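1. Got a predicted structure here, sequence first:
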Amino acid sequence: VFVTGGVASSLGKGIIAASLAKLLQARGLSVTIQKFDPYLNIDPGTLNPYEHGECYVTEDGAETDLDLGHYERFLGLYMSKENNVTTGKVYNTVITKEREGAYLGKTVQIVPHITDEIKRRMMLTGKTGKYDIIITEVGGTVGDMESQPFLEAIRQLQWELPEEDLMCIHLTLVPYLAAAKELKTKPTQHSVQTLQQSGVHPDVIVCRTEKELTPDLRRKMALFCNVKPGHVIQSIDAWSIYEVPFNMMEEGLDAMVCEHLGLETKEPDLSGLKSFLKKLKNPTKEVNIALVGKYVELQDAYKSIQESFIHASAATGCKVNVISVHSEHLEEGNAEAKLGNMDGILVAPGFGERGLEGKIVAVRYARTKNIPFFGICLGLQMAVVEIARDVLGWKDAASTEVNPITTHPVIDLMEEQKSSRIKGGTMRLGAYDCRLKAGSLAHKIYGKELISERHRHRYEFNYYCQADMERAGLFVTGKNPQTGLAEIMEMPSHPFFIGVQFHPEYKSTPEHPQPIFVAFVDAAIKYKENHA
Ligand code: GLN
């Protein structure tokens, strides 16, 4: 099943693909999703969040598009390297093969060589034999020059595969013009025309809309866009993305897909998601949690963290107001004004110098005011720096990422990183084990000794200062069992102070909320009760 999009970006193709997958999975089918992105970067690992939102990391250490996060959260399945392909990866393979002489003197062209490589990758996941259905989302918008080879590959597959094995879903926008008091279908008509010019014919059109589509409008679009009546459906703005599967079920999207593909299944069972939504909608408590980072003005930069709080909110029955606090504008002088009303403070991951001092201010505020603190990756690193500076009095303590000549390199480059100059794909990436210290806060939170979480960093806690840090009250309570690298640090004298070198947010799902997020929200609830 291919999912393309038109009219505008950010319509939520990823959520539609994930919702459809969820419904098919809930019918007892085995489903996975892959995303093909038209840009030339090999992966989004080197892309600035301003360009691309969050970079999502898989178990096997691939740096991928944030839609893969949605796929995992909806399906409760792990994606891997193969699930995210970019034009950069495709060209890289073709050009490497050309240099090896694999094309035997032929002129190497977009058609057939690039399109063949795209088709090979589109079919790869299916070759495992593990799935009944593979949903392939094509990034970008039809009509983009970069999308052309992907649409051409789908066009060819329409001929190569039996008709009942392949289906195309096209997502468009039906804007509401307030002045005319009307929903407008023309952009959808144009978008489908553009798709058809590439030789790809949609079987279903999903219309993003703010208002209900009338039967008349649906019929009109079906007629002009040459699809079956009834195959124009709406995706109306939802209160939560986790409601979209229910909306798609009501519109009959999963039933259309099963019918087209000739699959007989039971009716979908969405009871897990349903009870999650029920809890999410009926909180009995409320807390404010500061998310301190330098990209907080971007909706997508901390996607997985935001989602983890939604999962933790349902788990605790507590509405979590995640308040963005821009680390670049946070200083000693305004900390009280910006953080005084918070029941918990999370310092976000990040790279580089901008906004770093503000993160240190946030740690200090949480530490000295006994407010629950949770530091992720750079957030943990800045907790170490803060304590080194303020408690130990090492005024120039720093991470060598921003100060390579500090006399107190409390956070330093990992040994294996020292020789690497290449930026793309060279961090410590993906899942690593971590052994928790018996009796630690982390141990209590996870309820077991051996855990595994995903990573994306180059720097780490520098053990040379471990004895001093312990004297200052900060202890390593989680370690990688093979390398000894510090994974978790805590301050037992504080009601809740924990920093992790990994990214727990990548593994949180509605049905399996991440335990540290749940414990952090619980700590915030307690803090609020004690300060009422
Ligand atoms: N910049 C830090 C490092 O590379 C932290 C990375 C992060 O927060 N993901 O170690």
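-> That came through fine.

2. so residue 286 sits in a strand?
-> Yes - counting by DSSP: H, G, I helix; E, B strand; the rest coil, residue 286 is found in a strand.

3. from memory it sits against residue 321, does it?
-> Yes - contact criterion CB atoms under 8 Å: residue 286 and residue 321 qualify, at 6.8 Å. The C-beta positions use only the backbone N, C-alpha and C, and glycine is treated the same way.

4. report the longest helix in this structure, please.
-> Ranked by residue count and defined by DSSP state H, the top helix of the chain is helix 515-530.

5. which of the residues in it are buried?
-> By 16 or more other CB atoms under 10 Å, the buried positions in helix 515-530 come out as 515-525, 527-528.

6. so which strand or helix has the residue nearest to residue 234 when sequence neighbours are not counted?
-> Using CB to CB, 6 or more residues apart in numbering and skipping residues adjacent in sequence, the residue nearest residue 234 is residue 213, 4.4 Å away. Residue 213 belongs to no helix or strand when assigned by DSSP states H and E.

7. can you count the residues close to residue 213?
-> 20 (other CB atoms under 10 Å).

8. and it, how far is that from residue 307?
-> 29 Å (CB to CB, to the nearest Å).

9. Quick check: the residue nearest to residue 234 touching residue 174?
-> Yes - assessed by CB under 8 Å, residue 213 is found in contact with residue 174 at 6.7 Å.

10. any residues in contact with both of those two?
-> 183, 207, 234 (CB atoms under 8 Å, 6 or more residues apart in numbering).

11. Return the subset of those residues lying in strands.
-> Cross-referencing those against strands under DSSP state E gives 183, 207, 234.

12. So for the last one, what's the pLDDT?
-> Among the per-residue scores, residue 234 shows a pLDDT of 96.

13. who touches it in this structure?
-> 174, 206, 207, 209, 212, 213, 218, 251.

14. closest to the ligand among these?
-> Taking CB to the nearest ligand atom as the measure, residue 206 is the one of those closest to the ligand, at 34.8 Å.

15. Counting neighbours, what do you get for that closest one?
-> Residue 206: 26 neighbours (other CB under 10 Å).

16. go on, residue 531?
-> With other CB under 10 Å as criterion, residue 531 counts 10.

17. Quick check: nearest residue in space to it, chain neighbours excluded?
-> Nearest to residue 531 is residue 343, by CB to CB, 6+ apart, at 7.9 Å.

18. and the gap between residue 363 and residue 521?
-> Residue 363 sits 19 Å away from residue 521, going by CB to CB.

19. got the residues of this protein near the ligand?
-> Residues of the chain lying near the ligand by CB under 6 Å from any ligand atom: 349, 350, 351, 377, 378, 401, 456, 457, 458, 459.

20. how does it look with 5 Å?
-> Residues of the chain lying close to the ligand (CB under 5 Å from any ligand atom) are 349, 351, 377, 378, 456, 457, 458, 459.

21. dump the residue contacts of the nearest residue in space to the first one that is not next to it in sequence.
-> The reference is to residue 349. Once flanking residues are discounted, residue 349 sits nearest to residue 377: 3.9 Å by CB to CB, 6+ apart. By CB under 8 Å, 6+ apart, the residues touching residue 377 are 349, 350, 456, 457, 500, 501, 502, 503.

22. Make TSV from those and add secondary structure, neighbour count and pLDDT to it.
-> Listed next are the contacts of residue 377 as TSV, based on DSSP: H, G, I helix; E, B strand; the rest coil; neighbours: other CB atoms under 10 Å; pLDDT from 0 to 100:
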residue	secondary structure	neighbour count	pLDDT
349	coil	25	96
350	coil	24	94
456	strand	20	95
457	strand	21	95
500	strand	25	98
501	coil	29	98
502	coil	28	97
503	coil	21	98
